[in-house]
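Undergrad: The following comprises the amino acid sequence and a computationally predicted model.
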Amino acid sequence: MSLLDDTPAIPEDHYIIQLIMSDDQVSISKLKETTASFYAGILHDDPAVLQGVKAKIFDQIDKMQHDPLYRKQIAETLEKSKDLPNLTVGSLFSDILEQVSPSYRKVAETLKRIDHEVNVELGIDYKQLLQDLVNHK
């Protein structure tokens, strides 16, 4: 639990917080609903949701390769958020959460499996490809 205790609060004037707060409550409510539906689909191995995850990864790769404006926006967002704690799958936080939450463990394992499948289909590490594309904005 010291990991959570040692994680600083994100200031209200942080770029990402301002971006989130700029959405109206309807958009935030819709995001919560969509996110809950997504995780329920992952937990229940819904083929449409799982295929949707892969499709979004391939769409993002395509957009990053062919849309310089999108690539620039992603690079700027990553730069502005690099001081935030890393809570992504594979981070220390995620690893701890996997140990205490069977539901989260299933979600993380499923997302890791999809990442692996995409890497095999492409023959490369797609996250490294995206990182390389961001660095060459």
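TA: Now that the structure is in, tell me what you want to look at.
Undergrad: going forward, measure contacts and count neighbours with C-alpha atoms only.
TA: OK.
Undergrad: so what's the backbone phi/psi at Glu12?
TA: Dihedral pair for Glu12: phi -60, psi -20, per degrees, to the nearest 10.
Undergrad: so what pLDDT did it get?
TA: On pLDDT, Glu12 comes in at 76.
Undergrad: Asp95 now?
TA: 92.
Undergrad: cool, and Lys80?
TA: 82.
Undergrad: same thing with Ala48?
TA: 97.
Undergrad: and the residue nearest to Ile114 when sequence neighbours are not counted, helix, strand or coil?
TA: Using Cα to Cα, 6 or more residues apart in numbering and skipping the chain neighbours, the partner closest in space to Ile114 is Lys54 (6.7 Å). Classification of Lys54 using DSSP: H, G, I helix; E, B strand; the rest coil returns helix.
Undergrad: so Lys54 touches Val118, yeah?
TA: Yes - with contact defined as Cα atoms under 8 Å, Lys54 counts as touching Val118 (7.0 Å).
Undergrad: Compare those two and say which one has the larger neighbour count.
TA: Val118 (19 against 16; other Cα atoms under 10 Å).
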